[in-house]
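>>> Show me how the following folds:
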Amino acid sequence: LVGSKFPECLAAGEVGVAVLLQLLVSDVRNPFGLVYVDVPSAGKTITLNFFSDLKELAYPTDSFTPASLVSHASNRKKEDLENIDLLPRIRHKMLVVRDLAPIFAERQENLLKNLGVLTRVFDGEGYESDSGVHGKRGYRGDYTFMFLAGSTPIAPRVWKFMGNLGSRLFFLNLNVADKSEEELADLLGQDDFKRKEQECRAVTRELVLTVWNRHKGGIVWDKKADPLELRKIVARCAKLLAHLRGTVNVWAEEDGEKTKHQHTNTVIEKPTRINQLLYNLARGHALLCDRTVITNEDMWPLIEVAFNSAQYNRIRLLQAILDCSGTATTDVIETALGCSNPTALKEIETLRILGVVDVEDQHLGNAGRPEKIVTLKKEFDWFASDECTALRRMKPS
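The predicted structure follows:
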């Protein structure tokens, strides 16, 4: 039904349900945060609205600040604050935030504070904070929840801050294609928009509750039954993403006729947490498909999330290399990124420093300027394989 009403939202909605269903797995203790990303009017809010009728399991909101999780409001008595704290209300539910962009647009000081709170809350162990008004307040214990949100494209400075803090959020670019004049005109003659959305809400609710009622006691997952080769794919995705969203400062220095790129410290998070979270997503997708063992069909969501949860230029550069079967030249990368040679070289150097690619010079004699040959490192060359391509093609379209 969703595919016929809103085809551009089908894959994103499927991943959203997989996020929610993780709550059924007894050993899942880490909140999973997924943010749909695209330009305005691309379908993010429509997809999020699919979950609006799931009052038992989802907590939708239009406005959210991390400070609302554990409140220190000065105009309320301390004994009244538990009634307005958000964290207890989303425990064992999915918080759905229709627009996360205002948080990402905050000034640096507030942004760092908000990301710091989210980093701690996404450990799933509760959150405690102190203030001069109410002293120490908060919650400890199992405060697992899931998180689904929408945002316009993320600014580079935000990625840098998240990388240094050890980001707990994952991202999925909707990449909705522009509609032609004919397609836009056809939309004007279609069924009532809100009625179509309501039908998708109803079918989403029915699907989730059917799975939920079937396993309402929770599921003790037999991890050893999951094929080792698929668990290795999860691990590959975790390692790639850890490197892709590392932070590094790169700048150019002139050395005679050559430009040298220098860098300071590099921060690459250990892939252990990402590995577990992506595995949990695969299990949630398996439940969506009425299975309690992961199969090939459950790999495309985590591969797409891994390819989308890093800075935009890095994603495009990686895709350009994959499109060339794992090896690309400077001119191909310039075209793919739509940028100048110095910008392409900077992005290439960043991925080299982060350990994603190897780079070597190709001397062309008098035929033209020297080019760089960029090749995926051996530990990541599986992502240029036919097997990976086949798994990605399982994504509904």
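>>> Tell me who's in contact with the spatially closest residue to Asp290 that is not a sequence neighbour.
Excluding the flanking residues, the one nearest Asp290 by CB to CB, 6 or more residues apart in numbering is Val211, at 7.3 Å. Backbone N, C-alpha and C define where each C-beta goes, glycine included. By CB atoms under 8 Å, 6 or more residues apart in numbering, the residues touching Val211 are Leu21, Leu24, Leu287, Leu288, Asp290.
>>> now the first one, what's its secondary structure?
Leu21 carries the three-state label helix when classified by DSSP: H, G, I helix; E, B strand; the rest coil.
>>> correct me, but it touches Val208?
Yes: using CB atoms under 8 Å, Leu21 is in contact with Val208, at 7.2 Å.
>>> so where does the residue nearest to Asp290 fall, helix or strand?
Using DSSP states H and E, Val211 sits within helix 193-214.
>>> looking only at pLDDT, what's the mean for that helix?
Mean pLDDT, helix 193-214: 92.
>>> mind listing what's buried in it?
Neighbour-count burial for helix 193-214 flags Lys196, Glu197, Glu199, Cys200, Arg201, Thr204, Arg205, Leu207, Val208, Val211, Trp212 (criterion: 16 or more other CB atoms under 10 Å).
>>> I'd guessed the third one sits against Ser4; true?
By that I understand Glu199. No: using CB under 8 Å, Glu199 is not in contact with Ser4; the gap is 9.7 Å.
>>> Met94 - nearest residue in space that isn't next to it in sequence?
Nearest non-adjacent residue to Met94 (CB to CB, 6+ apart): Met146, at 4.0 Å.
>>> how near is that neighbour to Cys339?
Remark: distance between Met146 and Cys339 (CB to CB, to the nearest Å) = 37 Å.
>>> Neighbour count for those two, which is higher?
Using other CB atoms under 10 Å as the criterion, Met146 and Cys339 rank with Met146 on top: 27 against 17.
>>> picking that back up, quick check: the farthest pair among the contacts of Val211?
Spanning the widest gap among the contacts of Val211 are Leu24 and Asp290, at 12.3 Å by CB to CB.
>>> Which one's more surrounded, these two?
In this view Leu24 and Asp290 are compared by other CB under 10 Å, and Leu24 has more residues nearby, 20 against 9.
>>> was I right about that one contacting Gly217?
No: contact between Leu24 and Gly217 fails when scored by CB under 8 Å: they sit 9.2 Å apart.
>>> Quick one: low-confidence residue ranges for the stretch 151-300 of the chain.
Along the stretch 151-300 of the chain, segments meeting pLDDT under 70 span 163-167, 249-264.
>>> So which residues of it form helices?
Under the criterion DSSP state H, counting those that start in this stretch, helices of the stretch 151-300 of the chain are mapped to 156-165, 181-187, 193-214, 228-244, 272-288, 299-308.
>>> Take the ones you listed and write them to JSON lines, including distance to Glu79.
Putting the helices of the stretch 151-300 of the chain into JSON lines (distance: least, CB to CB, whole Å) gives the following:
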{"stretch": "helix 156-165", "distance to Glu79": "33"}
{"stretch": "helix 181-187", "distance to Glu79": "53"}
{"stretch": "helix 193-214", "distance to Glu79": "35"}
{"stretch": "helix 228-244", "distance to Glu79": "44"}
{"stretch": "helix 272-288", "distance to Glu79": "36"}
{"stretch": "helix 299-308", "distance to Glu79": "42"}
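>>> Which of those sits closest to Ser385?
Per CB to CB, nearest to Ser385 of the helices of the stretch 151-300 of the chain: helix 228-244, 10.5 Å.
>>> check contacts around the closest residue to Leu244 other than its chain neighbours.
Using CB to CB, 6+ apart and skipping residues adjacent in sequence, the residue nearest Leu244 is Ala310, 3.9 Å away. Residues near Ala310 by CB under 8 Å, 6+ apart: Trp159, Leu241, Leu244, Arg245.
>>> what about the second one, distance to Ala310?
This points to Leu241. The value you get for Leu241 to Ala310, if CB to CB is used, is 7 Å.
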